[in-house]
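**Q** take a look and give me a structure for this.
(chains A and B)
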Number of protein chains: 2
Amino acid sequence: EGVARLFSAEGEPLGVGYLEPKARAALRLYRFDLGPLDSAFFQGRIEAAARRRAGLGPHHRLIHAEADGFPGLVVDRFDRVLLVQVRTRGAWALKDRWLPALRSATGASAALLVPTEYARRAGLELKPRALWGEVPEHLVVEEDGIVFEIPLALAQTKGFYLDQRENRRLFEAEVRPGEAVLDVYSHVGGFALRAARKGARALAVDRDLAALGVLDRAAQKLGVRVDVRSGDAPAVLAALVAEGRRFHRIVLDPPALAKSPRDLPRAKRLFAELLGHAFRLLEPGGRVWVSSCSYYVKEADLLEAARRAGADARTRFRVVRITHQPEDHPWVAQVPETLYLKTLVLEPYPLAP
Amino acid sequence: EGVARLFSAEGEPLGVGYLEPKARAALRLYRFDLGPLDSAFFQGRIEAAARRRAGLGPHHRLIHAEADGFPGLVVDRFDRVLLVQVRTRGAWALKDRWLPALRSATGASAALLVPTEYARRAGLELKPRALWGEVPEHLVVEEDGIVFEIPLALAQTKGFYLDQRENRRLFEAEVRPGEAVLDVYSHVGGFALRAARKGARALAVDRDLAALGVLDRAAQKLGVRVDVRSGDAPAVLAALVAEGRRFHRIVLDPPALAKSPRDLPRAKRLFAELLGHAFRLLEPGGRVWVSSCSYYVKEADLLEAARRAGADARTRFRVVRITHQPEDHPWVAQVPETLYLKTLVLEPYPLAP
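**A** Below is the predicted model of the structure:
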């Protein structure tokens, strides 16, 4: 285990990476020549990533792992504070070389290490802690005029989902005054608050009371009202069906349901269940926005789950749009794993008679 | 051959359709009960299709075959004139029932029958002709302030590509003044003219002089300049590479390259060739918009062709966006064949060093 050079069978140099024999990907390449993995090299990579985010505002994903030539590292930037995910043993082992570079390239006043499931699977026992500076008690995120105050405890586990920013904008543009909008797995309510701002009656559903608390404070600041229900999404949706409720727009944005290929059948069943409820809850002409943020759940899987749900609910539907993650989470075509977020916008399209 | 009822092996009625034993799809269902295929039935289907297009303006696809419950029929509406494609023997055999309904439901003053390759394959020997009314010598299409005057001879074979409307809008929104823009397979120049209107230097490439003539008149009316080159796209692109030309945005929108699964390998090779040239012609930070309107060329095929071209041109790229056809060409998820148009927006995303 350690820094390794890779050569082809013919002896041609292919690159430099970090060897981790027991991992699913045993070697992660950082560069495609034989140069050093030193602070200057990492500083260059980080600066290039930052240049690419110019114009995106103070809150964005700064480093999207392999897409930015940085295996094992994900950095979300919230103005002067960074949330840092280390996902491989290699990225952790090399931290003395890239951490100072990250600090000087960004000028961030503080950085919080956020341990993830990836880190645990790689055998890294990390605890949340400041990598430098003093991390404030709340992360304050403003998005298009809505202010979210995320308590540190929430930021340490789930943060704020920057990757739905463009979808939230598209969604807000579609919502019309007076509509009923349901935001399932709402987290801090990014979709519901925008709907309420457009004059819709919004209901947000989430299990996490801390997230709903953030939503509530943001709604107060904004001067809008969003109803909330705390609970497990499938059960809440079933209850709403039983109550005879109807909505014009429904957002289904569950957390990653498949962390390995083995989880895929279960994930597809849950998507079909959620979508089945959603089709039954839709007003005529309404739309369902369904997202998967699991790399292993492909667009085709999501479509298949939707078709299954449509058959059960006897609903034929058209695909209005499919979107992917925004540009600060680049999908590099040569690294398929960099594509993880897919969103389908579906609209029942009945045949008459 | 003729109208047939379909029952399950258990004797349950499944629907009514048209049986054409020698066709690739031997039975096309028009309805999923045992009701009649009469004028009233077709009138209802056409009216439902028209209601769904409300608000889309005077030029749109009115009937998108199976997506609108109308196998074998495609109708594009240009204000008071319809272009009608009959694609199956069944739709032709039933014309006395739906043609009067189409006329009364739309109030169109004229309809032109446009024979297509589909019709020829179905053994229908159709000639272009007026189905009713007097078809004018030019089809006049206004799109977002640009006026295209399509001569009847062009309308009879290729018409006007309504399905790229949303992409043209997205494209125009992206173009910046002073950019160099290349519109390959430009047809009447929908992309090039919008680029020129934004202050870009636009070059349109097409083999069809009649289409370039339409472009030229539209440019004059608009008071903009678009350079044109007539010729086969791969050869023109190779020449532009040899000349050392560079462009900020390149549109590749070839006609359907695969009309059957057998054509797929050849289509992928041509896409890879076109994209290879395009990557070499791009300014740093530039983008390629590549479309396929063949049902048989899937998104994955297009991506694979792009990866191959990227490898040859030593270009790593990100997928900025993928779009599909707009809402008057509905993609109904239960009828996979209704999805045919895919557009990838690609941007080189190099690693430094």
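
**Q** the stretch 51-200 of chain A against chain B: which residues are in contact?
**A** Within reach of chain B by C-beta under 8 Å from any C-beta of the partner chain, the stretch 51-200 of chain A has these residues: A:67, A:69. In short, each C-beta sits where N, CA and C put it, glycine included.

**Q** quick check: the residue of the stretch 51-200 of chain A nearest chain B.
**A** As assessed by C-beta to the nearest C-beta, chain B sits closest to residue A:69 within the stretch 51-200 of chain A, at 4.5 Å.

**Q** number of residues surrounding the residue lying closest to that residue once chain neighbours are set aside?
**A** Spatial nearest neighbour of residue A:69, chain neighbours left out: residue B:351 (4.5 Å); criterion: C-beta to C-beta, 6 or more residues apart in numbering or on different chains. Residues near residue B:351, counting by other C-beta atoms under 10 Å in any protein chain shown, number 18.

**Q** surely residue B:351 is in contact with residue A:29?
**A** No. Look at residue B:351 against residue A:29 with C-beta atoms under 8 Å: they stay out of range, at 10.3 Å.

**Q** and the helices in chain A?
**A** Ranges of helices in chain A, per DSSP state H, are A:39-52, A:89-93, A:95-106, A:117-121, A:152-157, A:165-174, A:190-197, A:209-222, A:233-242, A:264-281, A:299-312.

**Q** chain center to the fifth one, what's the gap?
**A** Chain-centre distance of helix A:152-157: 15 Å, with C-alpha atoms, centre = their mean, to the nearest Å.

**Q** quick one: buried residues of it?
**A** Going by neighbour count (16 or more other C-beta atoms under 10 Å in any protein chain shown), the buried part of helix A:152-157 is A:154-156.

**Q** can I get these in JSON lines with pLDDT and distance to residue B:337?
**A** Shown next, in JSON lines, are the buried residues of helix A:152-157 (pLDDT from 0 to 100; distance: C-beta to C-beta, whole Å):
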{"residue": "A:154", "pLDDT": "93", "distance to residue B:337": "46"}
{"residue": "A:155", "pLDDT": "91", "distance to residue B:337": "47"}
{"residue": "A:156", "pLDDT": "90", "distance to residue B:337": "49"}
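
**Q** pLDDT at the residue of the stretch 51-200 of chain A closest to chain B, what is it?
**A** Here the pLDDT value assigned to residue A:69 is 96.

**Q** that one: neighbour count?
**A** 28.

**Q** show me the shaky parts of the stretch 251-353 of chain A.
**A** In the prediction, the stretch 251-353 of chain A carries no residues with pLDDT under 70.

**Q** residues from it in reach of chain B?
**A** Counting by C-beta under 8 Å from any C-beta, the residues of the stretch 251-353 of chain A near chain B are A:303, A:306-307, A:310, A:316-324, A:327, A:330-334, A:339, A:346, A:349, A:351-353.

**Q** so which of the residues you listed are in strands?
**A** Using DSSP state E, the members of these that fall within strands are A:317-324, A:346.

**Q** show me which of those residues is closest to residue B:219.
**A** Of all those, residue B:219 sits closest to residue A:321, with 31.6 Å by C-beta to C-beta.

**Q** quick check: beta-bridge partners of the closest one?
**A** residue A:345 (DSSP bridges).

**Q** was I right about it contacting residue B:326?
**A** No. The pair residue A:321 / residue B:326 is not scored as a contact, 9.8 Å apart, by C-beta under 8 Å.

**Q** enumerate every residue touching the residue nearest to residue A:189 when sequence neighbours are not counted.
**A** Nearest non-adjacent residue to residue A:189, counting by C-beta to C-beta, 6+ apart: residue A:215, 3.4 Å away. The contact partners of residue A:215, by C-beta atoms under 8 Å, 6 or more residues apart in numbering or on different chains, come to A:186, A:188-189, A:192-193, A:204, A:226, A:228.

**Q** let's see that with 10 Å instead.
**A** Residue A:215 is in contact with A:148, A:183, A:186-190, A:192-193, A:202, A:204, A:206, A:208, A:226, A:228, counting by C-beta atoms under 10 Å, 6 or more residues apart in numbering or on different chains.

**Q** tell me the two of those residues that are most distant?
**A** Across the contacts of residue A:215, no pair lies farther apart than A:202 and A:208, at 17.3 Å, counting by C-beta to C-beta.

**Q** more neighbours: the two, which one.
**A** residue A:202 (31 against 17).

**Q** my read is that the more buried one contacts residue A:192, right?
**A** Yes. In terms of C-beta atoms under 10 Å, residue A:202 counts as a neighbour of residue A:192; the distance is 4.1 Å.

**Q** need the overlap of contacts for these two.
**A** A:181-183, A:186, A:215, A:219, A:224, A:226-228, A:251.

**Q** still on that earlier bit, list only buried entries from the ones in strands among the residues of the stretch 251-353 of chain A next to chain B.
**A** Buried members of these, scored by 16+ other C-beta under 10 Å, are A:317-324, A:346.

**Q** and of those, the nearest to residue B:6?
**A** Ranked by distance to residue B:6 (C-beta to C-beta), these are led by residue A:317 at 23.0 Å.

**Q** got the contact list for that closest one?
**A** A:275, A:279, A:282, A:287-288, A:306-307, A:309-310, A:344, A:346-350, B:330-334.

**Q** return the most buried member of the helices of chain A.
**A** Neighbour counts (mean count of other C-beta atoms under 10 Å in any protein chain shown) averaged over each of the helices of chain A peak at helix A:190-197, with a mean of 27.

**Q** and the angle from that one to helix A:165-174?
**A** 20 degrees (axes from the mean of the first three to the mean of the last three C-alpha atoms, to 10 degrees).

**Q** distance between helix A:190-197 and the chain's centre?
**A** Using C-alpha atoms, centre = their mean, the offset of helix A:190-197 from its chain centre is 18 Å.

**Q** circling back: roughly how far does the residue nearest to residue A:189 sit from residue A:154?
**A** Distance of residue A:215 to residue A:154, computed by C-beta to C-beta, to the nearest Å: 11 Å.

**Q** for residue A:275, same thing?
**A** For residue A:275, the distance to residue A:154 - C-beta to C-beta - is 28 Å.

**Q** give me the common contacts of residue A:321 and residue B:326.
**A** Contacts common to residue A:321 and residue B:326, judged by C-beta under 10 Å, 6+ apart, are residue B:166.

**Q** ok so, going back, closest one of the buried residues of helix A:152-157 to residue B:18?
**A** Among those, and counting by C-beta to C-beta, the member closest to residue B:18 is residue A:154, at 59.5 Å.
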